[in-house]
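> Here is a sequence with its predicted model. Questions after.
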4 protein chains.
Amino acid sequence: MISIVKNKIHFYGLRFATLNSQLSTINYQLSTKKMPSITIWNEFVHERSNSDYGSMCRQHYPNGIHRHLAEKLAPALPEARIRTASLDEPANGLPDDVLNSTDVLVWWGHAAHDKVPDDLVDRIHTRILAGMGLVALHSAHMSKIFRRVCGTSCMLRWRDGGRERVWVVDPMHPIVKGVPETFAIDETEMYGEPFGLPPDAHPVFMSWYEGGNVFRSGVTLNRGAGKVFYFSPGHETFPIYHDANVLKVIANGLRWVSPETPVGANPLPYAVDEQTPYEK
Amino acid sequence: MISIVKNKIHFYGLRFATLNSQLSTINYQLSTKKMPSITIWNEFVHERSNSDYGSMCRQHYPNGIHRHLAEKLAPALPEARIRTASLDEPANGLPDDVLNSTDVLVWWGHAAHDKVPDDLVDRIHTRILAGMGLVALHSAHMSKIFRRVCGTSCMLRWRDGGRERVWVVDPMHPIVKGVPETFAIDETEMYGEPFGLPPDAHPVFMSWYEGGNVFRSGVTLNRGAGKVFYFSPGHETFPIYHDANVLKVIANGLRWVSPETPVGANPLPYAVDEQTPYEK
Amino acid sequence: MISIVKNKIHFYGLRFATLNSQLSTINYQLSTKKMPSITIWNEFVHERSNSDYGSMCRQHYPNGIHRHLAEKLAPALPEARIRTASLDEPANGLPDDVLNSTDVLVWWGHAAHDKVPDDLVDRIHTRILAGMGLVALHSAHMSKIFRRVCGTSCMLRWRDGGRERVWVVDPMHPIVKGVPETFAIDETEMYGEPFGLPPDAHPVFMSWYEGGNVFRSGVTLNRGAGKVFYFSPGHETFPIYHDANVLKVIANGLRWVSPETPVGANPLPYAVDEQTPYEK
Amino acid sequence: MISIVKNKIHFYGLRFATLNSQLSTINYQLSTKKMPSITIWNEFVHERSNSDYGSMCRQHYPNGIHRHLAEKLAPALPEARIRTASLDEPANGLPDDVLNSTDVLVWWGHAAHDKVPDDLVDRIHTRILAGMGLVALHSAHMSKIFRRVCGTSCMLRWRDGGRERVWVVDPMHPIVKGVPETFAIDETEMYGEPFGLPPDAHPVFMSWYEGGNVFRSGVTLNRGAGKVFYFSPGHETFPIYHDANVLKVIANGLRWVSPETPVGANPLPYAVDEQTPYEK
């Protein structure tokens, strides 16, 4: 009787209808190279803006934050292959061949979160669950992909200007290796609590601001086989990505989120046919 | 200088562009009634299927799982107002006036997860973050809204038939009040590990299956101001929602996810203007 | 064969030797009163010190911090029975009849952590696991009982003096009900990160200090059937326990850690005889 | 004024009285060798018992479980230095020079948990917080050191005999590398839920038992700079530590808990003198 029912289910395709397109197209392509492949994605909007604001950004990041980070991080990650990508490129910079050969994705976005297509977010999310690391920087707290992995609002307070002091709050974490227990950033954008994170967002850094605010400025998450690191210091109009401590944290973050096994090599928690019991 | 920059930002609308439609429309409407308003949503597909399979479902749930649950749960929740809704109704059963007056949403879906519009999922998600409780039942593990709050694949193994034994694994949890420490379900659909959950999914129940599988069959999550409970026992072709223990767990779950303060009354973690520092 | 082996085990008493005295004496005594019974324990050392320091403490807390809190909290908890206890009393203030009728224990200690006998810590720990709530205040972060439930160092940085600003970081938590999203304390003792907590310590409050430090100043934990709340603001030489916001938080904390069912009523996760399988 | 107060505090020694002996003697000795030093500790009671029960144990582990594991695990950990220790040795097998040069401690105990001195538990706990890994096996769930790091009862159900099926529930975890998604153990001791663990105990394995029970049979914890892995399969009278899958899991566990930096190299979350503010 059950087996007949099963056939009918299959006939109607009801079972498989429960798998939406995102999940049914999970890519098992392995990135077997031991050298992690890092793609630094930037919406690349502010730095090209024909405005005083754009000029301010170009002063610190003339070729865009993505290319700046690629250049600055390369010496600390000699074993990695680093590429850059941006929203204006074909397939928004992340066509299948790029995304499916990326082990670690860095995300910088601010003004154009809404321009990132939902199906690209689906593809990135799927690859994270399969093992790709994600490093979300600064205003990427509101990016679609970071909010997707969090499942929460990811909202926060903000205010321009003033001094920030970053504290290591988990001295055991690999991400703090070689980072001083506290360091200051002279001019920053304040990001303040409450920060709409899920309860398992693990604080590695917390920040103090001269205006009276506090913030969980560095947090880690695990989602499926993928690791996620969010780090708030960094802004388009301040030279924060020139700061040695900030670059050290980001390099450590890239290393920490790197998959230990090739992306997609882990067995996915699903089996399409499980008709034979394991025990009788 | 900063203030000029600020004006420019505002002029270009860059700041506010970072808020997508989902978040900018957060509904502050308070449901001030102390009596929680429960809406039991069902895709209502199987029970109306013109097939042998449909007949099997109607044998146990002639008016649909949603109406069955509403009737069976009412005596245990005398203080609640219980409504039902289904996918085929206008606005998929959850127009603004219904959703915005719902304190607790029960979700049952299986064959039609993909038919639920993304913007409805956005609206439900926003209301959960503002305090609405969610009880996701059985195959709702793959619903868009449950996967949205989890941020993971939510995938699992499955197999039809056989005996299930449910265990309380957190004897302190309010959801287990009055529930025996273990109880059996004679005929069930096996849902097995690995279950693609986020690390903070707190196990309240775990299940044993005669075929050799195990499963975290009852888990809780906190997302923003909202509480979420997932409970797997229950299936369209088995009379599991007639089982007294199962109904007791679901009633407890409805009570546990009920918001303590009116939905939307909690301050959201965001401030659009935070220009005045708290400390000088 | 197995049964023979079992007998031998029992003969040698090896099984039961694995239960140490703490666990074998778990008290099942129920506190059936709905009115929670709160005991505020204070080491009561500073306030009785014959020194300038003692004078400073007596200026704010002439009868001891425990009696001060009992008086100030009573109006906010009309349904509670509040008692005080101190280290110098018989059985260190917590003989069996007191501890076994306590639903919520408040702990204040600083200079005499080492004077609290280990077997008293065992008894308190056991009762927490059975459902008693614990509110650990200020320097109780280093108390034996708080470190027992944490399993970590619970160490932190400290510095006298200066201004503290407390932030609500979990606006959904019952402990923040009626508490402003941020409030200041003019003169405080700085407690700074890194705070040696376990990863599941959930931050409800975070503090900013004028000297540049940050701190998770209010965290919750669940241990067995018991809830734990740690709150740092408060000091023997500052009138912080006269502050309306601080008192509000503590009153909320007392309510939140109160057991929902009588202490000891939850089934303990152990069974001395489990020889009959549940399934054949 | 503050400084005078500070002097008085120091005069009375009140501050430093808050540091108990355990914490004030934290050992900063670095184990700079890259080769992790593993010490396998066994109470070594059952295997030497002059009884039928002892004979049964010796049949599988003639030289003790510790020496058996050392021999079986060595090929999988060629980079490690493996030592054994037991309760009957001087200083209970863990004098300062042994413990302070141990990077990973394996613990096997059952009948003699109470014989392990509290000050040894303090020393082990301190070293774990400073970075030493701990692998607690089988009945070590009730050992003083495992219960110390958990802060909970760690109690469970048990029953002799029957078949166990182990499931990988976190396919991404390094501990499952090379381990089949499920494997069976023909004859085991049942350990069943509810298992009195803290909420952050992360399940990596779950077990099914033919008698109808389920269990979180492999869990990880982070405490300070140290990692902890508990794995239940294994028993003194069954040849479970001869099973290739079980040995693979334990070897992976030893590798996972190994400190990434030398034990004691991480800055401890405490500063005895913090009088100079970081910000003015």
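That came in fine, so what should we check first? Residues are numbered from 1 along each chain as shown, chains lettered A, B, ... in the order given.

> got the angle for the longest strand anywhere in chain A vs strand C:214-223?
For chain A, the strand reaching the highest residue count under DSSP state E is reported as strand A:214-223. Here the directions of strand A:214-223 and strand C:214-223 differ by 50 degrees (axes from the mean of the first three to the mean of the last three Cα atoms, to 10 degrees).

> Which strands border strand A:214-223, and is each parallel or antiparallel?
Partner strands and pairing direction for strand A:214-223 (DSSP bridges) are strand A:202-209 (antiparallel), strand A:226-231 (antiparallel).

> could these go into a markdown table alongside distance to residue C:249?
Every C-beta, even on glycine, is put in place using the N, C-alpha and C of the backbone. Output for the strands paired with strand A:214-223, formatted as a markdown table (distance: least, Cβ to Cβ, whole Å):
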| stretch | distance to residue C:249 |
| --- | --- |
| strand A:202-209 | 20 |
| strand A:226-231 | 28 |
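
> just the helices in chain A please.
For chain A, the helices defined by DSSP state H cover A:2-12, A:14-17, A:21-24, A:52-60, A:65-73, A:96-99, A:118-129, A:144-150, A:244-257.

> Show the average pLDDT along the third one.
In this model, helix A:21-24 has an average pLDDT of 32.

> re earlier: mind putting the helices of chain A in JSON lines, mean neighbour count and distance to chain C included?
Output for those, formatted as JSON lines (neighbours: other Cβ atoms under 10 Å in any protein chain shown; distance: least, Cβ to the nearest Cβ, whole Å):
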{"stretch": "helix A:2-12", "mean neighbour count": "13", "distance to chain C": "20"}
{"stretch": "helix A:14-17", "mean neighbour count": "16", "distance to chain C": "28"}
{"stretch": "helix A:21-24", "mean neighbour count": "14", "distance to chain C": "29"}
{"stretch": "helix A:52-60", "mean neighbour count": "16", "distance to chain C": "26"}
{"stretch": "helix A:65-73", "mean neighbour count": "20", "distance to chain C": "26"}
{"stretch": "helix A:96-99", "mean neighbour count": "15", "distance to chain C": "31"}
{"stretch": "helix A:118-129", "mean neighbour count": "20", "distance to chain C": "21"}
{"stretch": "helix A:144-150", "mean neighbour count": "24", "distance to chain C": "15"}
{"stretch": "helix A:244-257", "mean neighbour count": "21", "distance to chain C": "15"}
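
> Ok, which of those helices comes nearest residue B:136?
helix A:21-24 (16.8 Å; Cβ to Cβ).

> quick one on the thing from earlier: redo the helices of chain A as a markdown table? Include distance to chain B.
Below are these laid out as a markdown table (distance: least, Cβ to the nearest Cβ, whole Å):
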| stretch | distance to chain B |
| --- | --- |
| helix A:2-12 | 5 |
| helix A:14-17 | 4 |
| helix A:21-24 | 7 |
| helix A:52-60 | 5 |
| helix A:65-73 | 15 |
| helix A:96-99 | 17 |
| helix A:118-129 | 5 |
| helix A:144-150 | 5 |
| helix A:244-257 | 15 |
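
> do you know which of the ones you listed lies nearest chain D?
helix A:118-129 (9.1 Å; Cβ to the nearest Cβ).

> Just want the most central residue of chain A.
Geometric centre of chain A, nearest residue: residue A:134, 3.0 Å, by Cα atoms, centre = their mean.

> Next one: the closest residue to that residue other than its chain neighbours, what pLDDT does it get?
Computed as Cβ to Cβ, 6 or more residues apart in numbering or on different chains, the closest residue to residue A:134 that is not its neighbour in sequence is residue A:228, at 4.6 Å. In this model, residue A:228 is scored at 98, pLDDT.

> Bridge partners for residue A:228, pull those for me.
residue A:134, residue A:221.

> Test my guess that it contacts residue A:149.
Yes: using Cβ atoms under 8 Å, residue A:228 is in contact with residue A:149, at 5.6 Å.

> Which residues are in contact with each of the two?
Common contact partners of residue A:228 and residue A:149 (Cβ atoms under 8 Å, 6 or more residues apart in numbering or on different chains): A:128, A:134, A:221.

> Of those, which is the nearest to residue B:45?
residue A:128 (31.1 Å).

> distance of residue A:229 from residue A:217?
As judged by Cβ to Cβ, to the nearest Å, residue A:229 and residue A:217 stand 11 Å apart.

> Going by distance to residue B:100, which of the shared contacts of residue A:228 and residue A:149 wins?
Once Cβ to Cβ is applied, the member of those that ends up nearest residue B:100 is residue A:221, at 30.5 Å.

> Run a quick neighbour tally on that closest one.
Per other Cβ atoms under 10 Å in any protein chain shown, the neighbour tally for residue A:221 reads 25.

> per-residue confidence at it?
pLDDT, residue A:221: 98.

> Next: residue A:260.
82.

> circling back: using JSON lines, please lay out the helices of chain A together with distance to residue D:144.
JSON lines is the format used below for those (distance: least, Cβ to Cβ, whole Å):
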{"stretch": "helix A:2-12", "distance to residue D:144": "50"}
{"stretch": "helix A:14-17", "distance to residue D:144": "50"}
{"stretch": "helix A:21-24", "distance to residue D:144": "46"}
{"stretch": "helix A:52-60", "distance to residue D:144": "56"}
{"stretch": "helix A:65-73", "distance to residue D:144": "46"}
{"stretch": "helix A:96-99", "distance to residue D:144": "50"}
{"stretch": "helix A:118-129", "distance to residue D:144": "39"}
{"stretch": "helix A:144-150", "distance to residue D:144": "38"}
{"stretch": "helix A:244-257", "distance to residue D:144": "33"}
